[in-house]
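In: would you be able to build a 3D model of this:
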Amino acid sequence: ILAGVRAPSRGAHLVIFGTGTHETLLRRLAQNPPAGWSLELRAPARDFARQLSRYDLALMPSRYEGLGLVAIEAALAGVPVVATDTEGLRDVFPENYPWLAKPGDAADFAAKPQHALDRPTEWRATGLHAKNFAESRFSVEAMALAYRQLYRQALHRLSENSATDGSGPRP
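Out: Numbers count the residues shown, from 1 in each chain. Below you'll find the model as predicted:
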């Protein structure tokens, strides 16, 4: 993917947090990155969400995510995200989000950060659009309200069932 993205004339620095099965490959890439790029590997960070605001873009070339927590954290921090349009990630972004790539398609994924790098004036608007969406769905307030509604529905069903079968309240 990185080889398919032309770095801006001033150069580009990519920071990768975490370790995994591709660590050896990434270390080799960091020692010999494509022209115009520098690459830094960092250990997983406990305060990762707080660090996100230091970066211009976040990249998530995932094949699958149970829930794209990193993408949610980046969006909430106002950092635009380039990600794959895969289960667990697509729900994190508003409809028609411009920087979602086809899963498993390295060329398409490379085209998305290239588009972003070629148009830095779009970063703020794209980040704000994702942030507003994430706040409406994933903020503490939004999630607490959703849980409150679920509990109310459960209590309503419980009281309906008690009234119709004559069994009275259930524990």
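In: now do the same for the most centrally placed residue in the chain: helix, strand or coil?
Out: By CA atoms, centre = their mean, the chain has its centre lying nearest to A71, at 1.4 Å. Following DSSP: H, G, I helix; E, B strand; the rest coil, A71 is assigned to helix.
In: contact partners for it?
Out: Contact partners of A71, counting by CB atoms under 8 Å, 6 or more residues apart in numbering, are 58, 60, 65, 81, 83, 89, 92-93. (Each C-beta comes from the backbone N, C-alpha and C, glycine too.)
In: where's the dip in pLDDT among those residues?
Out: In terms of pLDDT, E65 ranks lowest among those, with 87.
In: tell me where this structure has strands.
Out: Assigned by DSSP state E, the chain shows strands spanning 12-17, 37-42, 58-60, 81-84, 100-101.
In: regarding the chain, what is its longest helix?
Out: When the chain is parsed with DSSP state H, its longest helix is helix 140-165.
In: show me the shaky parts of the protein.
Out: 165-171 (pLDDT under 70).
In: now do stretch 81-93: everything it contacts.
Out: Applying CB under 8 Å, 6+ apart, the contact partners of stretch 81-93 are 57-68, 71-72, 74-75, 99-104, 109, 112-113, 116, 130, 133-134, 138.
In: flag every buried residue along it.
Out: Residues of stretch 81-93 classed as buried: 81-86, 88-90, 92-93 (neighbour count, 16 or more other CB atoms under 10 Å).
In: just stretch 101-108 next, same as before
Out: 101, 103, 108.
In: got the end-to-end distance for it?
Out: Using CA to CA, to the nearest Å, one end of stretch 101-108 lies 6 Å from the other.
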